[in-house]
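Engineer: Need coordinates for the following:
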Amino acid sequence: MAPSPALRLSVVVPVYNERFTLATVVEQVLRQEGKPGIASIQMVIVDDGSTDGSREILAGLAARHPQIVPVFHERNQGKAGAIRTGIERADGEVILFQDADLEYDPNDYPRLIQPIAEGHADVVFGSRYLGADYRRILPFWHSFMNWGLTSLSNMLTDLHLTDMETCYKMFRAPILKSIPLRSSGFGLEPEITAKVAKRNLRIFEVPISYRGRSYDEGKKITWKDGCWALFYMLKYWLIDDCYREPHGDALHLVRLAPRFSGWLADLIRPFLGNRILEIGAGIGNLTARFLPRDSYLATDTEDHYLATLQSRFGQDGRAHVFRLDLAAPIDLAALGPRPDTIVCLRGLERLDDDRPALAGLFEALAPGGSLILLVPQGPHLFGSLDEAVPHRRRYTREEIRTKLGETGFVLERLDDFNRPGVFGWWLYGKVWRATTLDRLPMKIFEHLVWLFRRIDRFLPWPGLSLIAVARKPPTSPGT
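Structural biologist: Predicted coordinates for the structure are as follows:
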C-alpha cells in the first residue's frame, strides 16, 4: 500500500493571557513537522488582547520561528473571534484548532490527519472519551455537562459524536474557509458541529490524549458557557447558514433544501441516461440523488462547491469533479466519452448571451442524447432577487423554445415548475426589493414541499421556472 500523502497543516492558536504555556505549546507543535501526514506546519497565533505579557512573548517567538504568523487583536473578541481571524490567515491544505494551554497534546497530530490524508474524511474530531494513551480524571459535573451537551447536539444533528466540545477539530481548508462562523465565546463548538452536519461532510473521530486543567489551575469554561452552547445548538438547528456566499446568491438557500431538491429530482430522473454531465452541481443535492451511473461529471465554478463535490463524490470515484464555466468553451477532451445526458439547472440565465453556451452544450452531447434545462420563467417577475443572483433574464416559453431550436435541439417537453413559489419571489423581489430570501420563510417553504408538489400542476398560473427536455438528433452535422 502506498503511503498517504503529506499535507501542509495550518494550526490556528487563539491566545488570551497564556504567557506561562505559550512557548511550550509552540515548541510542541513545531516538533510535529515532518511526522507522518505532515509535510510542513504554519502556526497562526492570534493574541486576543492579552494583558499579561503574552503579546511580547508571541512577538519574540515569531521573530525566531518563520513558521509563525502572529496576529494581534487590540481588543478581546473571544475565542471564536480569534479563530475566525486565524482561519483567514491560514494557507495550509488542512486546518486545526489548538488551545494555547497544555491540555491537548500535539503528538496526536499524525493520528488526526491520517483520515484526511488517506482521502476518507473532511473533518476529524479528536475525542477525549474514546480509548487513548491517557486522560486526566476531572470533576464529575464538568464531564457530565460535556456529555449532556454532546448528547443534545447529537440529537439535533443526527450525528453520533462522543465529544462535540473538543478543541481538536481538523478540516480540509477549502471546506472550513467556506463555513461562516457567527458565534462568540464558546459557542463555536456547537455552531461548527451543526454546520458540518448540515453539509453532509464526512466526519471522523479519533482518540486523543488529554491533560485537562482544574479550575484552580486556570480553566475558564463555566456553566454559563454551557448555557450559551445550548443556545447556539438550538439556533443552528433552526437556521441553515452553512455557506459563505460571496455573491449574495439568493438561490443558495434553495440548494440547501433537501425536500425541494427531491421534488426536482423526481421530475428529472425519468429522462436521465447513464453518462451524465451536471452543470452547476452546487453542493451535490441532486448529484447524490442521480448516482450511481456509468459515468458522472459534476461541475461548478465556485471553489467551495467544487471542494464539497470532491469530498462527497470524488474521493471514492463515484463522480469526476471539475470546473466548467458555461461562459467559456467546453473542453470536449476533458469529458471523455460524450455524455448522453446534460443536466443544466443553473447558469444559462446568468449569461449576457446564452446562445454560444447552448451551442457548446449541443456540441458536447452525444448524438441522440438529452439536455435537461431548468430556467427562471416570467420577465414580469424580474426584480431585486434576480439582480442579486445575478440573472440577466427570465425566460418565456416561446424564447426557450426558439433558442433551443436555433441551436439544433428538438424540444420534447416544456413543463412549468414550482407555481407555489411565484408569490414569494414576487413579494420579495418586486414589492420589498429584497436582495436575498429570508431563512425562516425558506425553511417554512421547505417543510411544505410535500404539499406544494401535489398541488403544483393544478394551480392556474405559470410556474416560477420552466423544465425543458430537448434531444440532440441521432445524426447531426459534424457528428
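Engineer: ranges for the strands of this structure?
Structural biologist: Taking DSSP state E as the criterion, the chain contains strands spanning 7-15, 38-48, 68-73, 94-97, 123-127, 169-172, 203-207, 275-279, 295-300, 320-323, 341-344, 370-376, 410-417, 465-471.
Engineer: tell me the angle the first one makes with strand 68-73.
Structural biologist: Following axes from the mean of the first three to the mean of the last three CA atoms, to 10 degrees, one obtains 30 degrees for the angle between strand 7-15 and strand 68-73.
Engineer: Quick one: list the elements packing against strand 7-15.
Structural biologist: helix 22-30, strand 38-48, helix 78-89, strand 94-97, helix 109-117 (3 or more CB pairs under 8 Å, 6 or more residues apart in numbering; DSSP states H and E). Quick note: C-beta positions are derived from backbone N, CA and C, even for glycine.
Engineer: List the strands paired with it, with their directions.
Structural biologist: strand 38-48 (parallel), strand 94-97 (parallel) (DSSP bridges).
Engineer: low pLDDT regions in the stretch 51-200 of the chain?
Structural biologist: Residues of the stretch 51-200 of the chain meeting the criterion pLDDT under 70: 132-142, 185.
Engineer: what's around the closest residue in space to D438 that isn't next to it in sequence, how many residues?
Structural biologist: Excluding its sequence neighbours, the residue lying closest to D438 (CB to CB, 6 or more residues apart in numbering) is Y428, at 7.9 Å. Using other CB atoms under 10 Å, Y428 has 20 other residues around it.
Engineer: before we move on, back to that, how about the strands of the chain in JSON lines, adding distance to I455?
Structural biologist: Output for the strands of the chain, formatted as JSON lines (distance: least, CB to CB, whole Å):
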{"stretch": "strand 7-15", "distance to I455": "49"}
{"stretch": "strand 38-48", "distance to I455": "53"}
{"stretch": "strand 68-73", "distance to I455": "54"}
{"stretch": "strand 94-97", "distance to I455": "46"}
{"stretch": "strand 123-127", "distance to I455": "40"}
{"stretch": "strand 169-172", "distance to I455": "42"}
{"stretch": "strand 203-207", "distance to I455": "38"}
{"stretch": "strand 275-279", "distance to I455": "28"}
{"stretch": "strand 295-300", "distance to I455": "32"}
{"stretch": "strand 320-323", "distance to I455": "37"}
{"stretch": "strand 341-344", "distance to I455": "26"}
{"stretch": "strand 370-376", "distance to I455": "20"}
{"stretch": "strand 410-417", "distance to I455": "13"}
{"stretch": "strand 465-471", "distance to I455": "16"}
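Engineer: Tell me which of those strands sits nearest to L30.
Structural biologist: When those are compared by CB to CB, strand 38-48 sits nearest L30, at 6.2 Å.
Engineer: Tell me the buried residues in that closest one?
Structural biologist: Residues of strand 38-48 classed as buried: 38, 41-48 (neighbour count, 16 or more other CB atoms under 10 Å).
Engineer: Of those, just say which sits nearest to I208.
Structural biologist: Nearest member of those to I208, counting by CB to CB, is I38, at 15.6 Å.
Engineer: Relative to G92, how far out is the nearest residue to the closest one once chain neighbours are set aside?
Structural biologist: Among residues not flanking I38 along the chain, L9 sits closest, at 5.3 Å (CB to CB, 6+ apart). For L9, the distance to G92 (CB to CB, to the nearest Å) stands at 5 Å.
Engineer: so what sits against both of those two?
Structural biologist: Here L9 and G92 share the contacting residues 40-42, scored by CB atoms under 8 Å, 6 or more residues apart in numbering.
Engineer: Could you check how many residues crowd around T24?
Structural biologist: T24: 13 neighbours (other CB under 10 Å).
Engineer: Now do the contacts for it.
Structural biologist: L102.
Engineer: how's the chain carved up into domains?
Structural biologist: Domain ranges of the chain: 7-238, 252-471, per automatic domain parsing.
Engineer: For R244, find the nearest of those domains.
Structural biologist: domain 7-238 (5.0 Å).
Engineer: For the nearest residue to T157 once chain neighbours are set aside, give its distance to P258.
Structural biologist: The shortest distance from T157 to any residue other than its chain neighbours is 3.7 Å, reached at A197 (CB to CB, 6+ apart). Distance, A197 to P258, using CB to CB: 13 Å.
Engineer: The two: which is more packed in?
Structural biologist: Neighbour comparison, A197 and P258: the larger count goes to A197, with 21 against 16 (by other CB under 10 Å).
Engineer: Name the residues that touch stretch 225-239?
Structural biologist: Under CB under 8 Å, 6+ apart, the answer for stretch 225-239 is 145, 149, 152-153, 156-157, 165, 183, 185-187, 189-191, 194-195, 198, 439, 443.
Engineer: can you rerun that using 7 Å?
Structural biologist: 145, 149, 152-153, 156, 183, 185-187, 189-191, 194-195, 439 (CB atoms under 7 Å, 6 or more residues apart in numbering).
Engineer: same deal with stretch 45-53?
Structural biologist: Stretch 45-53 is contacted from outside by 13-17, 19, 54-55, 58, 68, 70-77, 81-82, 85-86, using CB under 7 Å, 6+ apart.
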